[in-house]
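Peer 1: Give me the fold of what follows.
(chains A, B, C and D)
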Number of protein chains: 2
Amino acid sequence: MKDDDPKLSPAAGRRLSQYLRVLRGDRGAGTVSSESLAKSVGVSAAQVRRDLASLGHLGQRGVGYDVTLLADAIRHTLGIHREWRAVLIGVGNLARALLRYRGFAEQGFHIVGLFDADPAKIGTSLERLSIEPMENLVKRVQDLQAELAILTIPSDAAAAIAETLATAGIRGILNFAPTLIRTPATTTIPIVSVDLAIQIEQLAFQVQARSGARVVE
Amino acid sequence: MKDDDPKLSPAAGRRLSQYLRVLRGDRGAGTVSSESLAKSVGVSAAQVRRDLASLGHLGQRGVGYDVTLLADAIRHTLGIHREWRAVLIGVGNLARALLRYRGFAEQGFHIVGLFDADPAKIGTSLERLSIEPMENLVKRVQDLQAELAILTIPSDAAAAIAETLATAGIRGILNFAPTLIRTPATTTIPIVSVDLAIQIEQLAFQVQARSGARVVE
DNA sequence: CGTTGTGAACTCATTCACAGCT
DNA sequence: AGCTGTGAATGAGTTCACAACG
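Peer 2: Predicted structure coming up:
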């Protein structure tokens, strides 16, 4: 087992997620063309073909791509063909929103533990999960067999906690704290940051630039 | 007034937001170097210089960039040197989280109206704002002088509402619905979509690819 | 000196255009 | 005929390396 994927840029990864979303709607239609996928997502047909070709030969010339087959292939290369267990750190409104968000469970992402620093919250329950103190974090991560962590703490403790999580065996972090987490080179694990302020700043930027063109990202 | 910016890629826009975030922390230090900014954000120093040079000549050779001057320049090109008024559509947990999120107000983004389709919620208040029925949307957007809309509705009504918003004079949409909004060519306004499921999928992807390298984006 | 600004080289990503299957 | 896969051409974005300047 050496270099299984040829190559796959991060941008290409995002597009795969988008194709997958479209395919979910097309369940039933036996087959799709690069052209139709392209229109739905807003990229060129050539782009779609290039992306999909990199997953192996799963299109049929003159016909198109088998919907369920393609969806499976994408799920496989994205690594979401299996279940992922995640802990949620910092139980505020955002955490509540994520807990109730159907999209996660549907794609096989399961939140299996809640942690918070606020003593008042410890012991209370949410969606069948009891909120635990931060001290338990390292030990419980192992018990729960969680591989991912979602950080929804308001601010600056993020970096320290990220460090702790890495040593606890967490393999990836989805970070909502508006802090740039500087991973300290040693225990470097993937971090995907969603900074809500940056998103709305980007919107303002696009509006101001009055580029009539639709930009979706 | 013709082509004011020379050019500014969307990726460059995101980086500007990140530099700005770092600068906020460095308030006090009179000056920063491209090198230090680069390290904080995780890009190359040459990249930083290239980005900042496009905003005009505001670095001093041998010295660096004046922190407050630079921050102002970035805010200006991003279009966040002024206030922006936004309405929030769909008042669930996510909306509550956004309302309480300090990052918005700090950057001059003010939520000035709440709307929901659920009759049970109409009339109740949240952070001094009373929740209004969707029927009022078009009329109220004008009164409130809102330019942006934040969509936090759970699902598929998104596309229709986006259409309505565009005709109501909204100039940009921050969309949290996990739907690809297909703007109908006519009334095309900028849409920035934040799809939480896609974010966690990307995380799983990176973890699976076990590319030890930190990817922050 | 130290640090910016920038031409030139280079790498990565996207589009073109068409041969090759079905 | 229709639609994919892909080499070649193009374009965008990034790094190199160094002259220019306080």
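Peer 1: any idea which helix or strand comes after the helix or strand containing residue A:98?
Peer 2: Secondary structure assigned from DSSP states H and E places residue A:98 in helix A:93-100. Next along the chain after helix A:93-100, taking DSSP H and E as the criterion, comes helix A:102-106.
Peer 1: which of the residues in that following helix are buried?
Peer 2: For helix A:102-106, a neighbour-count test (16 or more other Cβ atoms under 10 Å in any protein chain shown) marks A:103-104 as buried. The way it works is simple: take the backbone N, C-alpha and C, and place the C-beta from them, glycine included.
Peer 1: coming back round to it: from the contact counts, what lies against the helix holding residue A:98?
Peer 2: Packing partners of helix A:93-100 (3 or more Cβ pairs under 8 Å, 6 or more residues apart in numbering or on different chains; DSSP states H and E): strand A:84-89, strand A:109-116, helix B:93-100.
Peer 1: For my notes, please list the ones you listed in CSV and give mean neighbour count, distance to residue B:69 and mean pLDDT for each entry.
Peer 2: Converted to CSV, the helices and strands packed on helix A:93-100 look like this (neighbours: other Cβ atoms under 10 Å in any protein chain shown; distance: least, Cβ to Cβ, whole Å; pLDDT from 0 to 100):
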stretch, mean neighbour count, distance to residue B:69, mean pLDDT
strand A:84-89, 24, 37, 98
strand A:109-116, 20, 40, 98
helix B:93-100, 21, 31, 95
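Peer 1: got the residues of chain A near DNA strand D?
Peer 2: A:32-35, A:45-46, A:49-50, A:52-53, A:57-65 (Cβ under 7 Å from any atom of the strand).
Peer 1: If any of these are buried, give me the ChimeraX selection for them.
Peer 2: In ChimeraX, this line selects whichever of the residues of chain A next to DNA strand D come out buried by 16+ other Cβ under 10 Å:
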select /A:32,34,49,52,59,64,65
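Peer 1: tell me the contacts of the residue lying closest to residue A:92 once chain neighbours are set aside?
Peer 2: Ranked by Cβ to Cβ, 6 or more residues apart in numbering or on different chains and with sequence neighbours excluded, the top spatial neighbour of residue A:92 is residue A:152, at 6.2 Å. Contacts for residue A:152 (Cβ atoms under 8 Å, 6 or more residues apart in numbering or on different chains) come out as A:88-92, A:94-95, A:98, A:176-177.
Peer 1: what's the burial count for residue A:199?
Peer 2: As a burial measure, residue A:199 scores 19 neighbours (other Cβ atoms under 10 Å in any protein chain shown).
Peer 1: hang on, I meant residue A:28
Peer 2: Neighbours of residue A:28 (other Cβ under 10 Å): 7.
Peer 1: mind listing what it touches?
Peer 2: With Cβ under 8 Å, 6+ apart, residue A:28 has these contacts: residue A:67.
Peer 1: Tell me which helix or strand the residue at the greatest distance from the centre of chain A sits in.
Peer 2: Residue farthest from the centre of chain A, counting by Cα atoms, centre = their mean, is residue A:62 at 33.9 Å. Counting by DSSP H and E, there is no helix or strand that carries residue A:62.
Peer 1: export the contacts of residue A:152 to a markdown table and tack on distance to residue A:198?
Peer 2: A markdown table is the format used below for the contacts of residue A:152 (distance: Cβ to Cβ, whole Å):
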| residue | distance to residue A:198 |
| --- | --- |
| A:88 | 22 |
| A:89 | 21 |
| A:90 | 19 |
| A:91 | 23 |
| A:92 | 19 |
| A:94 | 15 |
| A:95 | 20 |
| A:98 | 18 |
| A:176 | 11 |
| A:177 | 12 |
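Peer 1: Can you name every helix or strand that the longest helix along chain A contacts?
Peer 2: Counting residues, the longest helix found in chain A (DSSP state H) is helix A:10-25. On a contact count with 3+ Cβ pairs under 8 Å, 6+ apart, helix A:10-25 meets helix A:34-41, helix A:45-53, helix A:67-78, helix B:196-208.
Peer 1: Mind checking those for the one nearest to DNA strand C?
Peer 2: For DNA strand C, the closest of the helices and strands packed on helix A:10-25 is helix A:45-53, at 3.6 Å, according to Cβ to the nearest atom of the strand.
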